[in-house]
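Trainee: The sequence and its predicted three-dimensional model are supplied below.
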Amino acid sequence: MKHKHHFFESEGFASFISSVLAIACGLLFGLGILFISNPSQAYGGFMMVVQGCFTDGLAGIGLMLYYAVPIIMTGLSVGFAFRTGLFNIGASGQFTAGAFAAVYVGVKWTFLPEGIHWLVAILAAMLAGALWGLIPGLLKAYRNVNEVIASIMMNYIGMYLVNYLVRNTIYDQMKNQSLGVKSSAYLPTAGLENIFAGSKLNIGIFIAILCVVIIHVLLSRTTFGYELKACGKNENACKYAGINAKRNVVLSMVIAGALSGIGGALLYLSNTGKYLQVLDVIAPEGFNGICVALLGQSSPIGILFAGLFIAYITVGGGNMQLFNFVPEVIDIIVAAIIYCGALSLLIRNLLERIKVKKRQARERGEGQR
Amino acid sequence: MSILYFVVQQTMFFAIPLLIVAVGGMYSERSGVVNIALEGIMIMGALAGTVFIHLTDGVMSGQGVLLIALLISGGVGGIFSLLHAFAAIKLKADQTISGTALNMFAPAFAILVARTLLGVQQVPFKNSFLISKVPLLGDLPLIGPMFFQKSYITTYIGLLIFAAAAFVINRTRFGLRLRACGEHPGAADSVGVNVYRIRYAGVLISGVLAGVGGLVFIIPTSTVFNASVAGYGFLALAVLIFGQWRSRKIFFAAFFFAVMKTLASAYSAIPVLKDLPFPNEMYKMFPYLATLIVLAFISKNSQAPRASGVPYDQGSR
């Protein structure tokens, strides 16, 4: 009984309840939008969203995992930076840089043996992403440049630079995109394609989960992680305590960049016919990462589930086209869910009030005895 | 000479929307509310304005349509921004949350509305607003061709908005109170300023200006609105920070960026730049690279409004 009490009064329970309520509110809002735009099809379309990937059975689950991997990585990148007091709006640029590095290694470094090739490609992506995070980090730490503006600039610089590099190194002129990577650079499937028949699932999801675990341990179990979080909370207190705040800002951005970079590699090495397009468009995965991070309340485990959830209803959004709805309705629903997440404080306060009332009642009861 | 005129005219098309939206952002942030939703608000404003112009095609024409469209854009932007204000001020939520939600909502909503109303994703509109020559002023030597030929009325409205906005925030009582709420809301509150109301006003102004800015961006650059303002909201945010949250510096930042952007996109028409051995992408990259380098030198003393991003809680005064 005592344990149960603790659980219902715990912080985790409060954020869980507020997330569930936010999702419920967001879905209801989406249903309303569907009814307004096309009442006759609204119910069918809405059921597609709710059923998500399960409409398509195992292949759908495979598709969900495939969608989830890159946004979990960018979400982790943004969320990690949030925890250390930085707003990494540059996940797009880091993602693109990583994607290019991975594809470049995948196309050009054919001398690498099978089994190592894909690993080197991921490492290259990690370094490229880290470099793209390093620059805003250095500017922030040593030149007091706001990381938001530096990251926005790096997004554009990354996009144009990658377009240039693709065009001059690994260009498929006919299709205006990158060449395909060699098959040894594809992520191993480890038999997953047999389980989730009809999907091109690979070990990318396990790499993403591994990253989630590493970041979780780093943030909550190590001194280094503690220092990073402390710097995010109060830089002056950190300096006073002898922590090198400048170094920590740089390292935070480097780690965040590396995570996004890996995300780029995992998407473009997955043998699904995805190529780097030479377009003047900033990679949307970075901005989706912000959503995932916010939905997951910046906790690594939360981000994992948030990424899976958004991927889940995205698959549902694809199916919704059968009912003549644009898949963008999913974005509206996700936006509504995130917005309702802002209500979490309201709910928390409510839970807090109930808790206080209960305690008062208990104390009064004890006093009378 | 004609190249110079062309560059100046083009610069205006890039600079004015950045200027309006960044000044809008300034109102929000100086009042203490970070507004990363500028991009989304611009999209909503542009959507409302272009849909209006599309629907009135054949019924009305001339500059009046554009003026009404601008008012509608501003109104829609203002209403949309209240969602952000409510979450940030009333619910005391993390201000990136509602901002991100608005940014995600707007383009999807624009596509949905266009599909539902018009059956297609894009909103086409007839662009009959180009002023080939302003009477009298257009005949002035040098200045005439630069500023008063082949221009849009939005350019002058934009400059007027900037002048008014700069005056209000720097020279009026309301402006002083707004700035106080962004620096030290507790102190403002203690002398009887209603911090919540001022912050609502700040966000509302930013929403109206961002909505107007969305339409101002679309009109000269396109004849179709495709649920996007090409990242200009985020660039305006960058201009706001680049301008260190001060109106005059924002003005220079917006024009610095716009000149760079114009040179980058029109370099092939400019003899000196054309002969340089740079590839196309390098020119496109240049405005962003230049901004980053300039920032590295001028940011040493840059300081955001102190209470910006911090929800105000009267109880913790």
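Mentor: Perfect, I can see it now. Numbering: from 1, shown residues only, chains lettered A, B, ... in the order given.

Trainee: near chain A, which residues of the stretch 101-250 of chain B?
Mentor: Within reach of chain A by C-beta under 8 Å from any C-beta of the partner chain, the stretch 101-250 of chain B has these residues: B:101-105, B:107-109, B:111-112, B:115-116, B:121, B:231, B:234-235, B:237-238, B:241-242. Any C-beta I mention is one placed from the backbone N, CA and C, and that applies to glycine too.

Trainee: now, which of those residues lie within helices?
Mentor: Among those, DSSP state H puts B:101-105, B:107-109, B:111-112, B:115-116, B:234-235, B:237-238, B:241-242 in helices.

Trainee: Buried only: go through those residues for me.
Mentor: When those are checked for burial by 16 or more other C-beta atoms under 10 Å in any protein chain shown, the buried set is B:101-105, B:107-109, B:111-112, B:115, B:234-235, B:237-238, B:241-242.

Trainee: pLDDT value on residue B:227, please?
Mentor: Residue B:227 is assigned 89 on the pLDDT scale.

Trainee: what sits against it?
Mentor: By C-beta atoms under 8 Å, 6 or more residues apart in numbering or on different chains, residue B:227 lies in contact with B:43, B:47, B:107, B:108, B:110, B:111, B:114, B:121, B:122.

Trainee: Repeat the analysis, applying 6 Å as the threshold.
Mentor: B:107, B:110, B:111 (C-beta atoms under 6 Å, 6 or more residues apart in numbering or on different chains).

Trainee: Following element in sequence after the one helix or strand in chain B whose mean pLDDT sits lowest, please.
Mentor: Here the helix or strand of chain B ranked lowest by mean pLDDT, DSSP states H and E is helix B:271-274, holding a mean of 76. Proceeding N to C from helix B:271-274, the next assigned helix or strand is helix B:280-298, under DSSP states H and E.

Trainee: does any part of that following helix sit near chain A?
Mentor: Yes - Helix B:280-298 lies within reach of chain A by C-beta under 6 Å from any C-beta of the partner chain, at B:281, B:284, B:285, B:288, B:289, B:291, B:292, B:295, B:296.

Trainee: from these, which has minimum pLDDT?
Mentor: Across the set of these, residue B:281 stands lowest in pLDDT, at 83.

Trainee: Please report how far that residue lies from residue B:289.
Mentor: Note on residue B:281: its distance to residue B:289, by C-beta to C-beta, to the nearest Å, is 11 Å.

Trainee: Which one's more surrounded, these two?
Mentor: Between residue B:281 and residue B:289, residue B:281 has the larger neighbour count (other C-beta atoms under 10 Å in any protein chain shown), namely 20 against 17.

Trainee: Which helix or which strand is home to the closest residue to the more buried one other than its chain neighbours?
Mentor: Spatial nearest neighbour of residue B:281, chain neighbours left out: residue A:164 (3.7 Å); criterion: C-beta to C-beta, 6 or more residues apart in numbering or on different chains. Using DSSP H and E, the element containing residue A:164 is helix A:147-169.

Trainee: Against which helices or strands is that helix packed?
Mentor: Counting contacts by 3 or more C-beta pairs under 6 Å, 6 or more residues apart in numbering or on different chains; DSSP states H and E, helix A:147-169 packs against helix A:91-108, helix A:117-143, helix B:232-242, helix B:280-298.

Trainee: Show me what counts as buried in it.
Mentor: Neighbour-count burial for helix A:147-169 flags A:147-167 (criterion: 16+ other C-beta under 10 Å).

Trainee: residue in the stretch 151-300 of chain A nearest to chain B?
Mentor: residue A:164 (3.7 Å; C-beta to the nearest C-beta).

Trainee: Skip the chain neighbours and tell me the closest residue to residue A:269.
Mentor: residue A:187 (5.1 Å).

Trainee: Provide the secondary structure category for the one you found.
Mentor: Reduced to three states with DSSP: H, G, I helix; E, B strand; the rest coil, the structure at residue A:187 is coil.

Trainee: who's in contact with it?
Mentor: By C-beta under 6 Å, 6+ apart, the contact list for residue A:187 reads A:118, A:202, A:203, A:204, A:269, A:270.

Trainee: among these, who's most crowded?
Mentor: residue A:204 (27 neighbours).

Trainee: Just confirm that residue contacts residue A:69, I think it does.
Mentor: Yes - under the criterion of C-beta atoms under 6 Å, residue A:204 makes contact with residue A:69 at 4.5 Å.

Trainee: Would you indicate which residues of stretch A:215-235 are buried?
Mentor: Quick answer for stretch A:215-235 (16+ other C-beta under 10 Å): A:215, A:216, A:218, A:219, A:225, A:227, A:228, A:229, A:230, A:231, A:232, A:235.
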